[in-house]
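Participant: sequence isn't available, so here's the structure alone:
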């Protein structure tokens with residue numbers, strides 16, 4: 001029978017907290033950039049300009065149609081051969097999370113904006129607002145409220161996607177956990193602790209999003 005030593009996990013907390021730091025760093029920066037990309041390409045998907053609409057559609061379909069793992073490997077190993085210089089693993093990780101989350105957020109934005117009744121746009125124009133002002137003051141506030149639940153879900157998915165970045169040597173939680181487990185043969189204790197870390201992150205984010213939803217309802 002295997003004896004588990006859970007107390008030894010305490011000795012490896014510095015390494016695990018280092019992994020947690022990089023997980024959160026990549027997640028936060030990647031999701032901020034992803035949100036900006038999602039807003040741009042989401043509105044691009046419903047633009048009247050055919051070129052902008054086509055570029056936005058290609059971006060969304062290419063990113064959504066390929067696995068995150070493939071994207072990470074391509075950006076870290078293949079892209080440097082094209083551009084002629086190496087990309088640091090952490091920067092590559094941010095790029096992967098930003099591009100991937102941006103594509104899904106773009107569809108969330110598109111769906112939220114298109115869910116607003118077309119009469120809202122007409123009402124704004126009748127008040128003397130131009131298209132941009134109507135979008136900013138009437139359509140976007142309503143659409144943003146509808147985006148909160150799917151955005152929260154996407155944020156959680158993207159945070160968990162950072163675990164795949166260990167394949168490109170990003171020192172995040174899974175990477176640190178694998179090193180510790182391989183060197184000290186304590187896979188049960190370490191991987192369970194890593195799982196608890198991820199659970200703590202996602203539950204905290206879910207709690208914050210519920211507060212935001214309640215405040216928007218008020």
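Facilitator: Sure, I can see it. Bear in mind the structure is a predicted one, so any value in this text is a computation, not a measurement. Residues are numbered from 1 along each chain as shown.
Participant: in the protein, where is pLDDT below threshold?
Facilitator: 1-2, 218 (pLDDT under 70).
Participant: dump the residue contacts of the closest residue to residue 120 other than its chain neighbours.
Facilitator: Residue nearest to residue 120 in three dimensions, not counting chain neighbours: residue 138, with 5.5 Å by CB to CB, 6 or more residues apart in numbering. In short, each C-beta sits where N, CA and C put it, glycine included. Under the criterion of CB atoms under 8 Å, 6 or more residues apart in numbering, the neighbours of residue 138 are 120, 121, 123, 124, 129.
Participant: by neighbours, which of those wins?
Facilitator: Ranked by neighbour count (other CB atoms under 10 Å), the contacts of residue 138 have residue 124 at the top, with 19 neighbours.
Participant: beyond the one helix or strand it maps to, next helix or strand please.
Facilitator: Residue 124 is part of helix 118-126 when elements are defined by DSSP states H and E. Sequence order places helix 131-134 as the next helix or strand after helix 118-126, per DSSP H and E.
Participant: which parts of that following helix are buried?
Facilitator: For helix 131-134, the neighbour count (16 or more other CB atoms under 10 Å) marks residue 134 as buried.
Participant: could you check how far residue 209 is from residue 19?
Facilitator: 24 Å (CB to CB, to the nearest Å).
Participant: out of the two, which sits in the busier spot?
Facilitator: residue 19 (26 against 17).
Participant: you'd agree that one is up against residue 180?
Facilitator: No - contact criterion CB atoms under 8 Å: residue 19 and residue 180 do not qualify, at 9.4 Å.
Participant: the residue sitting nearest the centre point of the chain: what secondary structure?
Facilitator: Centroid-nearest residue in the chain: residue 158, 3.6 Å away (criterion: CA atoms, centre = their mean). Following DSSP: H, G, I helix; E, B strand; the rest coil, residue 158 is assigned to helix.
Participant: and for residue 3?
Facilitator: coil.
Participant: can you report how many residues lie near it?
Facilitator: Neighbour tally, residue 3, other CB under 10 Å: 4.
Participant: equivalent analysis for residue 79, please.
Facilitator: 15.
Participant: for the closest residue to residue 108 other than its chain neighbours, give me its contacts.
Facilitator: Using CB to CB, 6+ apart and skipping residues adjacent in sequence, the residue nearest residue 108 is residue 150, 4.7 Å away. Residues in contact with residue 150, defined by CB under 8 Å, 6+ apart, are 108, 111, 112.
Participant: ok, and the most crowded of those residues?
Facilitator: Result: residue 108 is most packed of the contacts of residue 150 (other CB under 10 Å), 23 neighbours.
Participant: that one is in contact with residue 42, isn't it?
Facilitator: Yes - at 7.0 Å, residue 108 counts as touching residue 42 under the criterion of CB under 8 Å.
Participant: show me what counts as buried in the strand or helix carrying residue 103.
Facilitator: Using DSSP H and E, the element containing residue 103 is helix 89-115. Across helix 89-115, burial judged by 16+ other CB under 10 Å covers 89-90, 92-113.
Participant: and stretch 74-90, by the same measure?
Facilitator: Buried, per 16+ other CB under 10 Å, within stretch 74-90: 75, 76, 87, 89, 90.
Participant: cheers, nothing more for now.
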